[in-house]
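Chemist: let's see this in three dimensions:
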Amino acid sequence: MTGRAGRARTSRRTASRLALMVLPLAFFALFFAYPVVAIVGRGLKDGGQWQLARAGEVLSDPDVLHVLWFTVWQAAASTGLTLLIALPGAYVFARFEFPGKKLLRSVVAVPFVLPTVVVGSAFLALVGRGGVLDDLWGVRLDTSVWAILLAHVFFNYAVVVRTVAGLWSQLDPRQEEAARVLGASRWQAWRRVTLPALAPAVAAAALMVFLFTFTSFGVVQILGGPTFSTLEVEIYRQTADFLDLPTAAVLTLLQFAAVLALLALHAWTVRRREATLTLVDPTQTARRPRGMGQWALLWGTLVVITLLLVVPLAVLIERSFAGPDGYGLTFYRALQSAASTDSTFAVAPLNALWNSLAYGAAATLIALVVGGLAAAALTRRGGRLVRGFDALLMLPLGVSAVTVGFGFLITLDKPPLDLRSSWWLVPLAQALVGVPFVVRTMLPVLRAVDERLREAAAVLGASPWRVWREVDLPLVRRALLIAAGFAFAVSLGEFGATVFIARPDNPTLPVAVARLLGRAGELNYGQAMALSTILMVVCAGALLTLERVRTDQAGEF
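Modeler: Numbering: from 1, shown residues only. Modelled structure (predicted):
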């Protein structure tokens, strides 16, 4: 009887998990897999026949090989530079206690949620033509790869700090102290004791940074100009500028294969993280700096954060107020009129703000429903099916958003899915990017819920839905709020897909900024800076609000 009851309970759990997966799988099938497969198929088919020889032609093209080499090279360089600059900061946040630490933690996280076009605009105002460095010393970096690398470090600094510092703060410092007692130097103790324990977290952070920079689009398009191109930028050019779908399809498949490999490697490192470690309460490991060396490290980290993260944003704000007649609101007033943009928009650029807020709210709702169901399905660790489902949810972070956006246009054009003129088209594309953040934020908290509470509720006759409502939801309410905030922030900043599907009379803020930067004239440039500042303030405000309700278990991001 006991065995039969156990099998029945297992069957019910499996059925519940599969039921939870239905909506997320349907969502990804319709709005991710279908558009991507369709656009790739259209590019590689001729008269119904697959033209696989086209792949060889594209991959042997010297220009394509150069793009591939630059994509890998700049991602590797960006990752190495980010680790070099951010690891000392991770140590400071993990081991030191100092006034303003929570606020500084929030400041460090702001760049991560900023749209890539805002990051590009900030560095253009700092190192571009007519930027601060150009005005002061005649130095321009926008025509060199250094602007791209620095912008990537700016964007991914928080990824390394949060991922590594989270584990570092839970490592027992007494293990390193024991090595020192046995005669090891400070460097030897760190290299032989702490570094091996941190290796999985460092590897996971490095892989995530490499993934983000490998698929970089907005930063490279704004700062790289015609000189530098990643795979994502080249897919956009081949699709939008040349209508060369076969080349774009091959590049999409190449990027897709690379992203799959990166995600598989990242999942392996995450599973290894903390697997064999003895962790302690983070509040027991942080203390005030001692000695000149530790104080110098703290102040050095503050200087790096100021120069790398704060200064570009401050310059962006300054340029938004620097009008032709001195500082004022000239550019902000111009945002209220479509006539001031030389027909760049059919409506006033400021309308993009209200469009983005509405789109972001709708995308957040979709992402919470889809991501919440997916996280609930993944709560209990399982076999290959669960791991495959988890990997599927992460794919939108790495697969070409340009391909998804163009795929929307050519697939969602017939009943019952004729959505080309639908207002919901943009939120659906934005939600694809928000779902992974919802899952990764909620999943660790859901897995921390004591399984015996669920079992007790089930024994008392509660249905799976009531178990979720009465047991899980009260415990994960904070994580749900944080997931909503992240989904909203990343939806506001989505650019790769939205640039294709946003209608001219309903542009989003990132699309509006890119259009303004693409046109000559001081007024267009100033309005781009003003819109970027507005977008930055909205995203930063959302993140700072999240930090007030954040828990230590609130996900990987």
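Chemist: and residue 197, that's in a strand?
Modeler: No. Residue 197 sits outside any strand when classified using DSSP: H, G, I helix; E, B strand; the rest coil, being helix.
Chemist: hang on, it packs against residue 171?
Modeler: Yes. With contact defined as Cβ atoms under 8 Å, residue 197 reaches residue 171; the gap is 5.6 Å. Using the backbone N, CA and C atoms, a C-beta is placed for each residue, glycine as well.
Chemist: buried stuff in the strand or helix carrying residue 200?
Modeler: If you go by DSSP states H and E, residue 200 is part of helix 195-214. For helix 195-214, burial by neighbour count (16 or more other Cβ atoms under 10 Å) applies to 197-198, 200-214.
Chemist: residue 150 reaches residue 122, doesn't it?
Modeler: No. Using Cβ under 8 Å, residue 150 is not in contact with residue 122; the gap is 10.5 Å.
Chemist: neighbour-wise, which of those two wins?
Modeler: Using other Cβ atoms under 10 Å as the criterion, residue 150 and residue 122 rank with residue 122 on top: 29 against 21.
Chemist: domain map for this structure?
Modeler: Domains of the chain are assigned by automatic domain parsing as 17-35+329-450+476-557, 61-324.
Chemist: just name the most buried of the ones you listed.
Modeler: Ranked by mean neighbour count, the domains of the chain are led by domain 17-35+329-450+476-557 with a mean of 20 (mean count of other Cβ atoms under 10 Å).
Chemist: let me see the mean pLDDT of that one.
Modeler: Per-region confidence: domain 17-35+329-450+476-557 scores 81 on mean pLDDT.
Chemist: now do it: distance to the chain's middle.
Modeler: In this view, domain 17-35+329-450+476-557 has its centroid 10 Å away from the chain centroid, taken as Cα atoms, centre = their mean, to the nearest Å.
Chemist: wait, isn't residue 522 in contact with residue 324?
Modeler: Yes. Residue 522 is within contact range of residue 324, at 6.2 Å (criterion: Cβ under 8 Å).
Chemist: rewinding a little: for the domains of the chain, give me JSON lines that also has distance to residue 461.
Modeler: Compiled in JSON lines, these are given as follows (distance: least, Cβ to Cβ, whole Å):
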{"stretch": "domain 17-35+329-450+476-557", "distance to residue 461": "19"}
{"stretch": "domain 61-324", "distance to residue 461": "36"}
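Chemist: please, where are all the helices along the stretch 251-400 of the chain?
Modeler: Ranges of helices in the stretch 251-400 of the chain, per DSSP state H, counting those that start in this stretch, are 291-305, 311-321, 330-334, 351-377, 384-394.
Chemist: select, out of these, the one closest to residue 248.
Modeler: Nearest to residue 248 among the helices of the stretch 251-400 of the chain is helix 384-394; the distance by Cβ to Cβ comes to 22.7 Å.
Chemist: which secondary structure elements does that closest one contact?
Modeler: helix 2-28, helix 245-272, helix 351-377, helix 425-448 (3 or more Cβ pairs under 8 Å, 6 or more residues apart in numbering; DSSP states H and E).
Chemist: now with 6 Å, please.
Modeler: helix 425-448 (3 or more Cβ pairs under 6 Å, 6 or more residues apart in numbering; DSSP states H and E).
Chemist: next, the angle helix 245-272 makes with the helix it packs on.
Modeler: Inter-element angle recorded for helix 425-448 and helix 245-272: 20 degrees (by axes from the mean of the first three to the mean of the last three Cα atoms, to 10 degrees).
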